[in-house]
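S.K.: okay, here's the prediction I keep looking at, along with the sequence it came from:
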Amino acid sequence: MLMLLRKMVEIYFSDIENVNRYTYKELKIATEGFSPANKIGEGGFGSVYKGKLRNDTLAAIKVLSAESRQGVKEFLTEIKVISSIEHENLVKLYGCCVEGNHRILVYEYHENNSLAQTLLGGGHSSIQFSWDVRRNICIGVARGLAFLHDVVQPHIIHRDIKASNILLDKSLQPKISDFGLAKLIAANLTHISTLVAGTAGYLAPEYAIRSQVTRKSDVYSFGVLLLEIVSGKCNTNRRLPVGERYLLANAWDLYEKGETESLVDVFLDGEFDVEEAIRFCKIGLLCTQDSLQLRPSMSEVLDMLIGETDVNEEKMAKPGLVFEIIEAKERRKQKGTAEVENASSSLVGSGRQDDSSLSGIADSFATMTFTSIYDRSN
Ligand SMILES: Nc1ncnc2c1ncn2[C@@H]1O[C@H](COP(=O)(O)OP(=O)(O)O)[C@@H](O)[C@H]1O
Ligand SMILES: [Mg+2]
């Protein structure tokens, strides 16, 4: 029996022996017993600890949660792909630990934390996000994504581009983290964890509603991130009245009024290249259009950001706003209820009829009937 098991393990690992492996014991020592003092974050996939490896290198050690487990072979095959990818704007995956039930990823550590905690963290950071720094971050993230989408073969869709996945190194160079991670866990869990983690504001409508994942859903998320970096605001602010809650909706309103410039972060105190900042906002809007065919590819986005090609606004349409659909439905429901209370049945009827085109979408989003996520080549 034991022999058979050994043989199976041998076959399993034969083609993935190049993956850098850590023992559980080694990582336990590196994190001082996964002590709470070394915990630097908690995300949809598990907890992250800061640790010091044997060679004194600092690492971010991500302990995947129980639900994210998959077969050892599938896990290692994915790890092999991810750890072989190197780019100056991508966080390096050093290796992993697969022992018993443990699934742990070991990443390069970046001391300046993520954009979520710094730029969007409510003034708790000492980093000065000047326009030059922001421009550099936007372009770096676009470079990293264009590399994953258009250079790596077969291409990698990130699926979870958001401010907390953009880390900053010592010199404030952006590093995209967690690419490929979504593939390590069950497809529907990715979707759920993204929503549970409260990052639904980055989801392209077709991803949120139909679980349709393409490179263009990453482009949408990048567009949201771009607007966040320029404005210094989170994509959603629930403390604001409904009409002002969504950055993307505000950006579109300002664009339509010809007031895009006022979207730029007031903390810059006017110290920015106006033309460039407006161009970045327009690119953000181009990336978030409802129709994925209208969204540019990441390589095209990069060319527009660096001013290599012009931004074509001719056919620019209103962004696809998932929450607008849901809130419209909620409002109608509430209105419907109030009207029932007023015994005004005829109005309720017409209200519901108006709602019919949206209700299917919003219902499927609200009840989250998670169909499998599939990749497509566009
Ligand atoms: N390589 C890393 N270097 C430094 N900090 C990291 C690294 N990876 C993750 N973190 C920190 O841990 C937090 C949790 O990460 P993660 O589990 O990926 O969840 P999320 O991306 O949803 O925040 C991040 O927000 C970040 O602050
Ligand atoms: Mg992350």
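M.R.: Ah, there it is. Residues are numbered from 1 along each chain as shown. Ligands and ions are numbered 1, 2, ... in the order given.
S.K.: got a list of what the residue in the stretch 101-250 of the chain that ligand 1 sits nearest to touches?
M.R.: At 3.4 Å from ligand 1, Ser164 is the closest residue in the stretch 101-250 of the chain, using Cβ to the nearest ligand atom. From N, CA and C alone the C-beta is placed, and that goes for glycine too. Applying Cβ atoms under 8 Å, 6 or more residues apart in numbering, we find Ser164 in contact with Gly41, Gly43, Ser114, Leu115, Ala116, Gln117, Thr199.
S.K.: those in helices, which ones?
M.R.: Here DSSP state H is the test, and the contacts of Ser164 give no hits in helices at all.
S.K.: make TSV out of the residues you listed and add pLDDT.
M.R.: Converted to TSV, the contacts of Ser164 look like this (pLDDT from 0 to 100):
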residue	pLDDT
Gly41	90
Gly43	81
Ser114	95
Leu115	97
Ala116	94
Gln117	93
Thr199	70
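S.K.: most neighbours out of the residues you listed, which is it?
M.R.: Per-residue neighbour counts (other Cβ atoms under 10 Å) across the contacts of Ser164 peak at Leu115, which has 26 neighbours.
S.K.: that one against Lys175, yeah?
M.R.: No: assessed by Cβ atoms under 8 Å, Leu115 is found out of contact with Lys175, at 10.7 Å.
S.K.: quick one: secondary structure of Ile209?
M.R.: Counting by DSSP: H, G, I helix; E, B strand; the rest coil, the backbone at Ile209 sits in helix.
S.K.: that one: neighbouring residues, count only.
M.R.: Ile209 sits with 18 neighbouring residues when counted by other Cβ under 10 Å.
S.K.: report the separation between it and Leu225.
M.R.: Counting by Cβ to Cβ, to the nearest Å, the gap from Ile209 to Leu225 is 20 Å.
S.K.: got the residues of the chain near ligand 1?
M.R.: For the chain, the contact set with ligand 1 under Cβ under 6 Å from any ligand atom comprises 40-41, 43-45, 48, 60, 62, 91, 107-110, 113-114, 116-117, 164-165, 167, 177-178, 197.
S.K.: which of those residues count as buried?
M.R.: Buried subset of the residues of the chain next to ligand 1 (neighbour count, 16 or more other Cβ atoms under 10 Å): 41, 43-45, 48, 60, 62, 91, 107-110, 113-114, 116-117, 164-165, 167, 177-178.
S.K.: got any ranges where the stretch 101-250 of the chain has weak pLDDT?
M.R.: The model of the stretch 101-250 of the chain has pLDDT under 70 over residues 185-198.
S.K.: what segments of it are strands?
M.R.: Using DSSP state E, counting those that start in this stretch, the strands found in the stretch 101-250 of the chain span residues 102-108, 166-168, 174-176, 212-213.
S.K.: nearest to Gly33, of those strands?
M.R.: Checking the strands of the stretch 101-250 of the chain against Gly33 by Cβ to Cβ gives strand 102-108 as the closest, at 13.8 Å.
S.K.: flag every buried residue along the closest one.
M.R.: By 16+ other Cβ under 10 Å, the buried positions in strand 102-108 come out as Arg103, Ile104, Leu105, Val106, Tyr107, Glu108.
S.K.: strands paired with that strand, and their directions?
M.R.: With DSSP bridges as the test, strand 102-108 is paired with strand 58-64 (antiparallel), strand 93-99 (antiparallel).
S.K.: follow-up on the earlier one: what's the closest of the strands of the stretch 101-250 of the chain to Ile157?
M.R.: Closest to Ile157 of these is strand 212-213 (Cβ to Cβ; 5.8 Å).
S.K.: given that closest one, what are its sheet partners and their directions?
M.R.: strand 374-375 (parallel).
S.K.: does ligand 2 sit close to stretch 163-179?
M.R.: Yes: using Cβ under 5 Å from the ion, we find that stretch 163-179 touches ligand 2 at Asn165, Asp178.
S.K.: show me which residues of that stretch are buried.
M.R.: Residues 163-169, 172, 174-179 are the ones in stretch 163-179 that count as buried (16+ other Cβ under 10 Å).
S.K.: how far out from the middle of the chain is that stretch?
M.R.: 12 Å (Cα atoms, centre = their mean, to the nearest Å).
S.K.: CA atoms of it as CSV?
M.R.: Taking C-alpha atoms only, stretch 163-179 is exported to CSV below (Å, rounded to 0.1, in the frame of the first residue of the first chain):
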residue,chain,number,x,y,z
ALA,A,163,-6.1,48.4,-5.5
SER,A,164,-5.2,45.8,-2.9
ASN,A,165,-3.5,43.7,-5.5
ILE,A,166,-1.2,46.6,-6.6
LEU,A,167,1.8,46.5,-4.3
LEU,A,168,4.5,49.2,-4.2
ASP,A,169,8.2,48.5,-3.9
LYS,A,170,10.8,50.7,-2.2
SER,A,171,10.9,53.1,-5.1
LEU,A,172,7.2,53.1,-5.6
GLN,A,173,7.3,50.9,-8.6
PRO,A,174,3.9,49.0,-8.9
LYS,A,175,3.9,45.3,-8.7
ILE,A,176,0.8,43.3,-9.6
SER,A,177,0.1,40.5,-7.2
ASP,A,178,-2.1,37.4,-7.2
PHE,A,179,-2.1,36.9,-10.9
